[in-house]
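S.K.: Quick one, structure for this:
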Amino acid sequence: MPKINGNEIRPGNVLEHDGGLWAAVKVDHVKPGKGGAFAQVEMKNLRDGRKLNERFRSADKVERVRLEQKDMQFLYESDGMLTIMDMETYDQVEMPADILGDRRPFLQDGMTIVVEFHDSEALNATLPQKVICKIVETEPVVKGQTAANSFKPAILDNGVRVMVPPFVGQDEDIVVNTETMEYSERA
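M.R.: Below you'll find the model as predicted:
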């Protein structure tokens with residue numbers, strides 16, 4: 001694995017530090033008036049979610065880890081574990097459902113997700129940026145109401161509540177952005 005200097009750490013880098021795998025969330029380069037420059041790095045543990053603030057001087061060497069990304073297909077969930085399948089080898093892998101966090105409700109049967117592996121251990125999963133959902137409950141469409149910055153609440157078929165424009169009615173399919181968890185467009 002390549003070693004990098006402390007001042008080369010960028011947000012999104014995965015580092016091996018204190019016997020664990022950490023993702024750099026935020027990096028501030030500080031040049032104090034007295035003493036050497038350093039990088040103040042906020043890191044998140046990829047296995048248990050702990051956060052850590054650490055200082056790295058430019059002379060410090062850190063182990064940078066490259067994660068292998070694979071397209072996997074979601075099959076089913078049971079007992080808080082997601083079963084996913086490698087689309088090339090048809091191998092099935094289990095990973096905890098809480099790895100997706102608050103985006104878990106957007107996971108649909110047969111959906112292709114990108115999973116990041118480190119030595120055959122699934123550490124992170126990314127859903128497609130846009131997902132089609134059906135509106136189960138919302139206020140009725142009001143004629144003559146302008147669409148300028150007026151949104152109304154709607155509950156989707158997966159139980160998530162989003163704000164939608166007034167022209168969107170019940171039982172319509174909409175496209176939801178999974179990164180911002182907001183209405184994107186009509187499907």
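
S.K.: For Pro96, the count of nearby residues, please.
M.R.: By the measure other C-beta atoms under 10 Å, the count of residues near Pro96 is 11. For glycine as for every other residue, the C-beta is placed from the backbone atoms N, C-alpha and C.

S.K.: Okay, now the unreliable bits of the protein?
M.R.: 1, 142-149 (pLDDT under 70).

S.K.: Show me it divided up by domain.
M.R.: With automatic domain parsing serving as the domain definition, the record reports that the chain contains domains spanning 3-65, 68-126, 130-186.

S.K.: in what helix or strand does the spatially closest residue to Glu182 that is not a sequence neighbour lie?
M.R.: Of all residues beyond its chain neighbours, the one nearest Glu182 is Val162 (6.3 Å), with distances taken as C-beta to C-beta, 6 or more residues apart in numbering. Using DSSP states H and E, Val162 maps to strand 161-164.

S.K.: Tell me the spacing between the most centrally placed residue in the chain and Ala59.
M.R.: Among the residues of the chain, the one closest to the centroid is Thr126, at 5.3 Å (C-alpha atoms, centre = their mean). For Thr126, the distance to Ala59 equals 34 Å [C-beta to C-beta, to the nearest Å].

S.K.: sorry, back to before: could you export the next helix or strand after the strand holding Val162 as CSV, CA atoms only?
M.R.: Towards the C-terminus, the helix or strand next in line after strand 161-164, according to DSSP H and E, is strand 173-177. Presented in CSV, the C-alpha positions along strand 173-177 are these (Å, rounded to 0.1, in the frame of the first residue of the first chain):
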residue,chain,number,x,y,z
ASP,A,173,-44.3,8.3,-9.8
ILE,A,174,-41.5,10.8,-9.1
VAL,A,175,-37.7,10.7,-9.3
VAL,A,176,-36.0,11.3,-5.9
ASN,A,177,-32.3,12.3,-5.6
